[in-house]
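Novice: Let me see the structure of the following:
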Amino acid sequence: MSRFTQQGRGQKVPQDLVSAEIIYEDGTETYRNVKINNRPTDKHLQDIDGSWSTGEFASALLDLFDPASKAQFSSGRSSTASGFRAQVYDFQVRSENSHWRMQVGSQTAIAAYVGSVWVDPNTARVLRIERQARNLPSDFPIDAVESAIDYSYVLIEGKSFLLPVHAESLGCQRGSSFCTHNVIDFRNYHQFKSDIKILP
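Specialist: Predicted coordinates for the structure are as follows:
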């Protein structure tokens, strides 16, 4: 995760580089071996200073299509994503059904959001998600949050899997043009499997 600051939509100013291993198991993402500028830290990702985000690997996608989110989708239109032909569907999720949680210091907010999802019409696989927070509380320190996630096919042990490869998130301070911009790249995928034999 390359972290930047910027004024509005202006030029990004580099801050630092945060790296971690993501473990996805039984529907849950966990993060370990966190490093800042390639230096190990004993802090958890959620405890480091500055702007960070989680959920881009799987949670954002699962939450969007979770029946409990009650996402409302529009009819599709033709587009492309990751070099593939795609159908784009706009969506909205109300705050009472959302799982998108924002935190600044001791303050938290659950955001309603709108966005678009790009779907491969031949496989029904998601190729891209964009979402923007809506109706954040007026006393919340951030008034604009956006994120985007791109998916592409990745070879793991000779097999092709559609997985997240790139994501970006933007958050802007309320009443200010100061924004943080994180650019996330997923790489070095591995699949771990085990065979268990129960003997009499």
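Novice: Nearest residue to residue 68 in space, please, no chain neighbours.
Specialist: Nearest non-adjacent residue to residue 68, counting by C-beta to C-beta, 6 or more residues apart in numbering: residue 97, 6.5 Å away. C-beta coordinates here come from the backbone N, C-alpha and C atoms, glycine included.
Novice: Give me the pLDDT for the one you found.
Specialist: Note on residue 97: pLDDT of 96.
Novice: For it, grab the count of nearby residues.
Specialist: Residue 97 has 16 neighbouring residues, counting by other C-beta atoms under 10 Å.
Novice: is it true that it touches residue 69?
Specialist: Yes: Residue 97 sits in contact with residue 69 when judged by C-beta atoms under 8 Å, with a separation of 5.0 Å.
Novice: same for the strand or helix carrying residue 108, what does it pack against?
Specialist: If you go by DSSP states H and E, residue 108 is part of strand 107-110. Applying 3 or more C-beta pairs under 8 Å, 6 or more residues apart in numbering; DSSP states H and E, one finds that strand 107-110 contacts strand 101-104.
Novice: Now the strand it packs on: buried residues?
Specialist: Within strand 101-104, the residues that count as buried by 16 or more other C-beta atoms under 10 Å are residue 102.
Novice: Within the sheet, what are the partner strands of that strand, with directions?
Specialist: Counting by DSSP bridges, the strands paired with strand 101-104 are strand 107-110 (antiparallel).
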